[in-house]
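Novice: Okay, predicted coordinates and the sequence, questions at the end:
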Amino acid sequence: MSSKEKFDIFLQFAKDSNAINIIPLLMGSVGLEIVTKKKLGCK
């Protein structure tokens, strides 16, 4: 499966989730910094 196919599946999942009021959060340190509003300094 190509990266584009994986990304297309992710986008469809996100759209379907949003349609039923489930908001997917960003994953990893960047998502955690956004959610907590704290700078973690991860590299």
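Specialist: That came in fine, so what should we check first? Numbering: from 1, shown residues only.
Novice: And the pLDDT for residue 21?
Specialist: Note for residue 21: predicted pLDDT of 82.
Novice: how about the helices of this protein, start to end?
Specialist: Under the criterion DSSP state H, the chain carries helices at the ranges 3-19, 28-36.
Novice: looking at these, which has the lowest confidence?
Specialist: helix 28-36 (a mean of 64).
Novice: got the buried residues for stretch 4-19?
Specialist: Within stretch 4-19, no residue is scored as buried using 16 or more other Cβ atoms under 10 Å. Using the backbone N, CA and C atoms, a C-beta is placed for each residue, glycine as well.
Novice: switch to numbering from 51
Specialist: Fine by me, first position is 51 from now on; the one you just mentioned is stretch 54-69.
Novice: Output it as CSV, restricted to C-alpha atoms.
Specialist: Provided in CSV are the C-alpha atoms of stretch 54-69 (Å, rounded to 0.1, in the frame of the first residue of the first chain):
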residue,chain,number,x,y,z
LYS,A,54,-0.9,8.2,-0.8
GLU,A,55,-3.3,5.3,-0.2
LYS,A,56,-2.6,5.3,3.5
PHE,A,57,-3.1,9.1,3.7
ASP,A,58,-6.4,8.8,1.7
ILE,A,59,-7.6,6.2,4.2
PHE,A,60,-6.6,8.5,7.1
LEU,A,61,-8.5,11.4,5.6
GLN,A,62,-11.6,9.4,5.1
PHE,A,63,-11.4,8.1,8.7
ALA,A,64,-11.0,11.6,10.0
LYS,A,65,-13.9,12.9,7.9
ASP,A,66,-16.1,10.0,9.1
SER,A,67,-15.1,10.5,12.7
ASN,A,68,-15.8,14.3,12.5
ALA,A,69,-19.3,13.5,11.0
